[in-house]
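> Build me a structure from this.
(one chain, ligands or ions: 1)
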Amino acid sequence: MEKPKTDLSGREDIEQLMAYFYGLVFKDPQIGPFFTEHRKVKLEEHLPRISDFWESILFPPAAYRGNPVKVHLEIDAVHKLEKNHFDTWLKLFLQAVDTHFTGNKAELLKQRAQSIATIMQIKIHQNGV
Ligand code: HEM
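Numbers count the residues shown, from 1 in each chain. All right, here's what the predicted structure looks like:
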């Protein structure tokens, strides 16, 4: 029988979830190329960084220092980030969380992903798209 789903309890759960999520992202035909072609992201560098980011939201304080909006404005300047890219990113993110976790932290994670995605799209749009 499968293990019942639980809530995220710390860093290790975030790391496992992100490894699963970026597994989906890298092979997605729509948004995978942002990571594999436009930016040539190394997963062994991205995973600790993105885990710091989500840890700072779910279990503060955490080590993340950065500016995700600025990073995505830079990505957009080279290759446009469209609504459909955000829709796909979010769909995979929600799917990854729901596949592995359930509970308050899981809900918070999904809410924050959606609100940050909305803010990013507004900022990118303001930037003259
Ligand atoms: C259209 C959807 C998205 C695409 C294609 C995308 C793509 C990327 C790429 C390629 C990077 C690596 C940049 C680099 O290191 O060279 C990155 C970094 C990152 N992304 Fe996204 N992203 C998307 C949406 C989001 C959303 C909605 C969030 C948050 C809710 C997010 C959070 C982050 C964070 C925290 C980083 C690390 C920034 C840093 O280095 O400090 N991304 N993204």
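
> now the helices: where do they sit in the chain?
11-26, 32-33, 43-58, 68-78, 83-100, 104-126 (DSSP state H).

> could I get these as JSON lines with mean neighbour count?
In short, each C-beta sits where N, CA and C put it, glycine included. Shown next, in JSON lines, are the helices of the chain (neighbours: other C-beta atoms under 10 Å):
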{"stretch": "helix 11-26", "mean neighbour count": "18"}
{"stretch": "helix 32-33", "mean neighbour count": "14"}
{"stretch": "helix 43-58", "mean neighbour count": "16"}
{"stretch": "helix 68-78", "mean neighbour count": "14"}
{"stretch": "helix 83-100", "mean neighbour count": "16"}
{"stretch": "helix 104-126", "mean neighbour count": "15"}
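
> May I see those helices arranged in JSON lines, with mean pLDDT as well?
Shown next, in JSON lines, are those (pLDDT from 0 to 100):
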{"stretch": "helix 11-26", "mean pLDDT": "98"}
{"stretch": "helix 32-33", "mean pLDDT": "98"}
{"stretch": "helix 43-58", "mean pLDDT": "97"}
{"stretch": "helix 68-78", "mean pLDDT": "95"}
{"stretch": "helix 83-100", "mean pLDDT": "98"}
{"stretch": "helix 104-126", "mean pLDDT": "96"}
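
> what's the neighbour count on the residue in the chain positioned nearest to the ligand?
Nearest to the ligand in the chain, going by C-beta to the nearest ligand atom, is residue 66, at a distance of 2.8 Å. Residues near residue 66, counting by other C-beta atoms under 10 Å, number 12.
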